[in-house]
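> Mind looking at a prediction? Sequence and model below.
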Amino acid sequence: TQLLEQSPQFLSIQEGENLTVYCNSSSVFSSLQWYRQEPGEGPVLLVTVVTGGEVKKLKRLTFQFGDARKDSSLHITAAQPGDTGLYLCAGADRGSTLGRLYFGRGTQLTVWP
Amino acid sequence: SQTIHQWPATLVQPVGSPLSLECTVEGTSNPNLYWYRQAAGRGLQLLFYSVGIGQISSEVPQNLSASRPQDRQFILSSKKLLLSDSGFYLCAWSVGQGYSPLHFGNGTRLTVT
């Protein structure tokens, strides 16, 4: 069962453009994490959002957690080629003390110079 | 600082052959350990997780197994590989519960021929 739907699946843009990636679910999560993965490597954590409505900024990246804690978005301003990669969202299961994570399929972002 | 080592980086094995992938973590005690598989175009599928030595939980029934012989060592095995076992295998660790992020190794690209 795919609990987290990410869109778009692929995104190809020019350097300097803005973009938004979405992560949606019908389930409520205790927290949501965003990772970036480069080819041949493991994902690396970008941010964790915990509170409904929370907004976090990481340089040109802005992450938002939905008020109902069912969805999240990632907005990148003035994208650069170094932003290229697979962006994965992962929701933590509220019912699990381990914080079991459910991953979306990811958005493959390519930024052309 | 904590580090995670995963090997081999790439592996080509014939159908029906055995498999052993190893993962070790340094710099932390009693980590939660995970094995994920990532197929092309898909997100991460949790295969096994462990909260302590000898404690293994399986998420997906299949011909793979996992063992944790030492606190910071996690092994993924198979007695007979199937073509469908091909994929990118990632080991990860976390500490505590709840919102703890996952720290991934660099993965093993397994091709079953």
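Everything's here; your move.

> Taking chain A, what residue is nearest to chain B?
Closest approach between chain A and chain B, counting by Cβ to the nearest Cβ: A:Gly42, at 2.8 Å. (C-beta placed from N, C-alpha, C; glycine too.)

> what residues does chain B put near chain A?
Applying Cβ under 8 Å from any Cβ of the partner chain, we find that chain B lies next to chain A at B:32, B:41-46, B:49, B:51, B:90, B:92, B:94, B:97-107, B:109.

> hang on, the earlier thing: helix, strand or coil: sort out the residue of chain A closest to chain B for me.
coil (DSSP: H, G, I helix; E, B strand; the rest coil).

> quick one: contacts for it?
Neighbour list for A:Gly42: B:Leu90, B:Ala92, B:Phe104, B:Gly105, B:Asn106, B:Gly107 [criterion: Cβ atoms under 8 Å, 6 or more residues apart in numbering or on different chains].

> same thing but 7 Å
B:Leu90, B:Phe104, B:Gly105, B:Asn106, B:Gly107 (Cβ atoms under 7 Å, 6 or more residues apart in numbering or on different chains).

> next one: A:Glu17
Contacts for A:Glu17 (Cβ under 7 Å, 6+ apart) come out as A:Ala79.

> where does chain B dip in pLDDT?
B:41, B:61, B:97-99 (pLDDT under 70).

> residue nearest the centroid of it?
In chain B, the centroid-proximal residue (Cα atoms, centre = their mean) is B:Trp35; its distance is 2.9 Å.

> thinking again about what came up before, and the buried ones among the residues of chain B next to chain A, selectable in ChimeraX?
Restricted to buried positions by 16 or more other Cβ atoms under 10 Å in any protein chain shown, the ChimeraX selection for these reads:
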select /B:32,43,44,46,49,90,92,94,100,101,102,103,104,105,107,109
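
> Disregarding flanking residues, what is the spatial nearest neighbour of residue 65?
Since you didn't name a chain, this refers to chain A. The shortest distance from A:Phe65 to any non-neighbouring residue, by Cβ to Cβ, 6 or more residues apart in numbering or on different chains, is to A:Val49 (3.8 Å).

> Wait, chain B was what I had in mind.
Closest residue to B:Ser65 apart from its sequence neighbours, by Cβ to Cβ, 6+ apart: B:Ser77 at 5.2 Å.

> Against chain A, how distant is that neighbour?
20 Å (Cβ to the nearest Cβ, to the nearest Å).

> check contacts around the nearest residue to B:Thr3 once chain neighbours are set aside.
Nearest non-adjacent residue to B:Thr3, counting by Cβ to Cβ, 6+ apart: B:Glu26, 4.9 Å away. The contact partners of B:Glu26, taken as Cβ under 7 Å, 6+ apart, are B:Gln2, B:Thr3, B:Arg72.

> Could you export these to CSV, including columns for secondary structure?
Listed next are these as CSV, based on three-state DSSP:
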residue, secondary structure
B:Gln2, coil
B:Thr3, strand
B:Arg72, coil
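
> ok, of the residues you listed, which come out buried?
By 16+ other Cβ under 10 Å, the contacts of B:Glu26 give B:Arg72 as buried.

> Let me have the contacts of B:Glu26 in TSV, adding distance to B:Ala9 as columns.
Supplementary listing: those in TSV, determined by distance: Cβ to Cβ, whole Å:
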residue	distance to B:Ala9
B:Gln2	20
B:Thr3	15
B:Arg72	20
